[in-house]
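>>> got a sequence here, can you build the structure:
(3 chains)
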Amino acid sequence: MITLNTCRIITLGMAIAAAGTSLVNAAPLGLPAVPIPADNPQSDAKIALGDRLYHEERFSADGKVSCATCHAEEKAFTDHRAVSKGHNGLLGTRNAPTVINAAYMETQFWDGREPDLEGQSKQPPINPVEGGLPDHVAFVNIFRNDASYVKTFKQVFGVDKKEITIDHFAKAIASFERTIIAGDSPFDHYQFGGDKSAMSEAAVRGLAVYVGQGRCVSCHIIEQNQALFTDNRFHNIGVGFKNIQGRVGEIAKDFLKAKNKGVDVDVTVLSDPDASELGRFAVSEDINKIGAFKTPSLRNIELTPPYMHDGSQKTLADMVNFYNNGGRVNPDDPLSPFLSGGIRPLNLSDQQKKDLVAFLKALTSPSIAAKVTSTKIID
Amino acid sequence: MTITSTYKGIFIAALLLPAQSLLADEFTGADLKRWKQQYMEVVDEGSKLFHGGLGNENTVSCDQCHPNASNTHPETYPKFQQQLGKVAVLSEMINWCIKNPLKADPLPLDSARMTALQAYITEERRNVPLAPGKH
Amino acid sequence: MNRKNHFNRREFLKRGSALIAAGWLPLSLVEVAFGKTQAESFTFAYISDSHLTHIKGNNFVRNWDRGLTRAIAEANLLTPRPDFILYGGDIAQLGTPEEIDHGLDLLGALRGDVHYVMGEHDYYLDLGEHWRKRIGPDHYSFDHKGVHFVVLNSILTHDDWIHKKWDSPMHRMKEMARLDNPQGSPFLVGDPQREWLRKDLEKISKDTPLVVVSHSPLQKIYKGWNFWTDDAEQIQAMLKPFDKVTVLYGHVHQIQYNQIDNISFHSVMATAWPWPYPSTFAQEASYMPKLTVEINRADPFFERDGTGWQFINMHTGDVDVHDALPDNRNRVVAFDEKKGHPVDARYQAEANRIPPMKHF
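Here you go, the predicted model:
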């Protein structure tokens, strides 16, 4: 229904940071103020601790994997791989979403299985194909024996060594991630800044396709005074369907059985390629959400290839083609019966497709682009 | 000379006529009836377009989802339309429906057909209070 | 905090969302056994109102095809399998052989036996001839696990309308296909079929649970859109002597439920498109059952929003209707023993409703 996305399953105690403080940058052009949970206020010291933890390689079994491994600043806070590579070279099943503007998301991960950045940050270190640490106890113990961290935790949270828990890590990392915010793109200047010369003519035409024949705007939302480019909902757009075609019922049933017996959803969806394709269903157990994944933001998309939850689309042109074919790579590929009602062939001309790509490239924030060294996909 | 005196005669006669037939801001019952009938002509044309008269190839018609134009809620426009990414007027949403479920080319916003569709939709919702911006 | 405890806490958080779906277990790992005796409990699926529309050649309106295809794919996931499937009518938009045959082709993918109901969109081109040729009789009864099912053709109408001087059979079809048509004609079960029903029910003991299936509602809601059957009261009177009666119907493309004396009424959703509630037409009064909590206005972008199909749980003669609603939250409307009528499992209380659940 129209208002479903406004109905929150878990209500966060939201508090908007006061404008003009040094803790949160003022909202950049095109974005609202960053929502800050009431139980995790920003502070400079906490953000600095989060920054340090974000780059901490002891978050992993082989001592080589940090948050920044898969969400690297010089790669626009992602890893330019189809699916992420964890400790000892282990591969997961999903494409690393960028951290940029993740603070605005109402749920985290492609299937929304965590409600906030705090919850999200706790999972990768102990996922067997990511950090690979046995559990949070082992994880916390590593840092309880590091005098420098113990001192900082005391300063930030006022806790003694023995009182440090995984939640302190989560809060610090989340606070840091709430500073990775980027708007101020050519599109923002064109749309909200009153500068009609900020986008190229091709991008202006592309915007018309985006809100018109391309129907992109229905999920990747633009509003009158801001653009999050997401509806925070979950949609089956056909990605990955080919891999589980004809086996959906069996995979769903096996997954539910295993979940009822207590297997960890986080572990299963990242290690079992079939279960991964169940998408939001794995979390909600709702038949309507089979193969449905969260709408990602499109900001800085030029800098974050490859695309889709499985990294299956290498370029923006590939991705546009996928939508133009109504949720499939080739026009004669099978269609998922579970496809979202909004997905259908778009009949875009080659010129319209090019214009759409030009528009997507106008969503790049200069502050992010300045730090990105390459956008080459790593095989 | 004859002409001048005739004009004078008309002028004098006009002064003696009832005022309502002369002044621009007053009109007769017959005027009201005529104008209403003019409007209803366009409403009827809109009804035909609404009930399959747009000639779109896939044959889907407006009334299939909106019997008696219900759930078109013209009184709520302008309002924010997520499908359009902005606050839009009714005619823009009509064009969205023409482009999408009906798979046809949009109508020019000032075209006679767009006016007729809006006339029919609004007529079916007559006497409902305005509620702009409402969802 | 060890891994296990942490997992449980997180699971608790996640169940917050899962709980919303908990009344609805399409891929049920739970035995469906609400009944006093196991034998009396069973499930069936109900798909209706697909309105498949032929354009030309092999070309059909994509949106309606997708609706039926999705319902079939979802119904095929039900575990354990439903005992059978009911198809509630209006498989076609204009009753052509192309449309009816196309519908039966798609429905061929359904796992299980299907019982069909005649809709007005299937009927008024050739007065049901092709439908009956492909499918069989348009009114019949059958018994299943102690429940007597009766299927009626409720979309007949007065003879003088049927046999007006139409330009063509298609002209008649199109007049009846238009829901808001002031030149339309009210639906009717009619004398011959009511006589057949009287005889059919004679053999049935009064304590046998009865399920009567029709396309139009066997109650009067709004005549202007034919949410109406002219001889509804006469049918209701024939059902009155039975202890437990449920009437299931399609046609209205929206959730409705009601209780009239001993009869529970449930509509089923369309797979094609949703219809507004009659109250949204401001110029005429309608009689929407007060019990019904109306479904929200659909978002036209998500073509499946406000459409769906049903999974029906039958236990000791009562019916729980589970609506599977793509792009919308699922609904469960179950018979409440204490209240003696169907109740929506989540939205009965005003405070639980999703804004703007006033059906604006």
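
>>> what stretches of chain A score poorly on pLDDT?
Applying pLDDT under 70 to chain A flags residues A:1-25.

>>> centroid residue for chain B?
By CA atoms, centre = their mean, chain B has its centre lying nearest to residue B:119, at 3.4 Å.

>>> so residue B:58 sits against residue C:61, correct?
Yes - with contact defined as CB atoms under 8 Å, residue B:58 counts as touching residue C:61 (5.3 Å). All C-beta spots, glycine's among them, are computed from the backbone N, C-alpha and C.

>>> still on that earlier bit, other SSEs contacting the helix or strand the residue nearest to the centre of chain B falls within?
If you go by DSSP states H and E, residue B:119 is part of helix B:112-123. For helix B:112-123, the packing partners by 3 or more CB pairs under 8 Å, 6 or more residues apart in numbering or on different chains; DSSP states H and E come out as helix B:29-48, helix B:90-99.

>>> wait, which of the ones you listed is closest to residue A:328?
Of all the helices and strands packed on helix B:112-123, helix B:90-99 sits nearest to residue A:328, with 22.1 Å by CB to CB.

>>> which strands and helices sit next to the closest one?
Helices and strands touching helix B:90-99, by 3+ CB pairs under 8 Å, 6+ apart, are strand B:79-81, helix B:112-123.

>>> what does whichever helix or strand residue C:236 is part of rub up against?
Secondary-structure element containing residue C:236, defined by DSSP H and E: helix C:232-239. Defining contact as CB atoms under 8 Å, 6 or more residues apart in numbering or on different chains, one finds that helix C:232-239 is touched by C:152, C:189, C:194, C:197-198, C:201, C:210, C:212, C:217-220, C:229, C:245, C:247, C:260-263.

>>> and for stretch A:363-379?
For stretch A:363-379, the surrounding residues in contact (CB under 8 Å, 6+ apart) are A:28, A:73-77, A:79-82, A:100, A:182-187, A:229, A:298-306, A:314.

>>> using CSV, write out every CA atom in the helix holding residue B:119.
Extracted in CSV, the C-alpha atoms of helix B:112-123 (Å, rounded to 0.1, in the frame of the first residue of the first chain):
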residue,chain,number,x,y,z
ALA,B,112,-9.7,19.0,-25.4
ARG,B,113,-9.5,15.3,-24.4
MET,B,114,-7.6,16.0,-21.2
THR,B,115,-10.2,18.7,-20.3
ALA,B,116,-13.0,16.2,-21.0
LEU,B,117,-11.4,13.5,-18.8
GLN,B,118,-11.0,15.9,-16.0
ALA,B,119,-14.6,17.2,-16.4
TYR,B,120,-16.0,13.7,-16.1
ILE,B,121,-13.8,12.7,-13.2
THR,B,122,-14.6,15.9,-11.3
GLU,B,123,-18.3,15.7,-12.1
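
>>> quick check, residue A:293 in contact with residue A:110.
Yes - contact criterion CB under 8 Å: residue A:293 and residue A:110 qualify, at 4.8 Å.

>>> so what sits against both of those two?
A:279, A:309.

>>> gap between residue A:143 and residue A:137?
Distance from residue A:143 to residue A:137, counting by CB to CB, to the nearest Å: 12 Å.

>>> out of these two, which sits in the busier spot?
Between residue A:143 and residue A:137, counted using other CB atoms under 10 Å in any protein chain shown, the more crowded position is residue A:143 (20 against 16).
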